[in-house]
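> Please find the sequence and the predicted model below.
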Amino acid sequence: MGTMLEHRNIRREMGRIAEKIKIKTHLTPHVLRHSFATRMIEKGANVKALSNILGHAKVQMTLDIYTDVMQDFKKDTINLLDE
C-alpha cells in the first residue's frame, strides 16, 4: 500500500507463521537478522560486505553482535594443527 510496516504487525505475522510451520522459537525480525549474519559467515561471505549489508559502521560490530563461533569452526581451527 506504500506505507511503512508497523513493527507489531510484522512480529504478529511472524508468530503466526512460526506457529503454522511448528517452529518453537519465538520468531522475530532480529532472530532472522542474527541467523542471516551467522549463516553468511559460515558460508564464507566477505565480512566487510556483510557488515555493510547490515548497516554497521565497523566490521567488528558485525562479528561481535551477529555471529557466533560455530562448533565446526572451532574443530576446523584445532584440526589445522594436523596439517
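Received, thanks.
> where in this structure is pLDDT low?
Along the chain, the model assigns pLDDT under 70 to residues 1, 67-71.
> can you pull out the helices in it?
For the chain, applying DSSP state H gives helices covering 7-20, 29-42, 47-54, 59-66, 71-79.
> got the buried residues for the second one?
For helix 29-42, burial by neighbour count (16 or more other CB atoms under 10 Å) applies to 37, 40-41. For every residue, glycine as well, the C-beta is placed using N, CA and C.
> again, but for the first one
Along helix 7-20, these residues count as buried under the neighbour rule (16+ other CB under 10 Å): 14, 18.
> same for that helix, what does it pack against?
Where contact means 3 or more CB pairs under 8 Å, 6 or more residues apart in numbering; DSSP states H and E, helix 7-20 is packed against helix 29-42.
> what comes into contact with the helix it packs on?
7, 10-11, 14, 25, 47, 50, 54, 62-63, 66-68, 70, 72-73 (CB atoms under 8 Å, 6 or more residues apart in numbering).
> Kindly indicate the member of those residues with the most neighbours.
Neighbour tally across those (other CB atoms under 10 Å): the maximum, 22 neighbours, falls on T62.
> ok, the residue nearest to it when sequence neighbours are not counted - how many residues close by?
Using CB to CB, 6 or more residues apart in numbering and skipping residues adjacent in sequence, the residue nearest T62 is S51, 4.1 Å away. By other CB under 10 Å, 19 other residues sit near S51.
> distance of R8 from I78?
Look at R8 and I78: by CB to CB, to the nearest Å, they are 45 Å apart.
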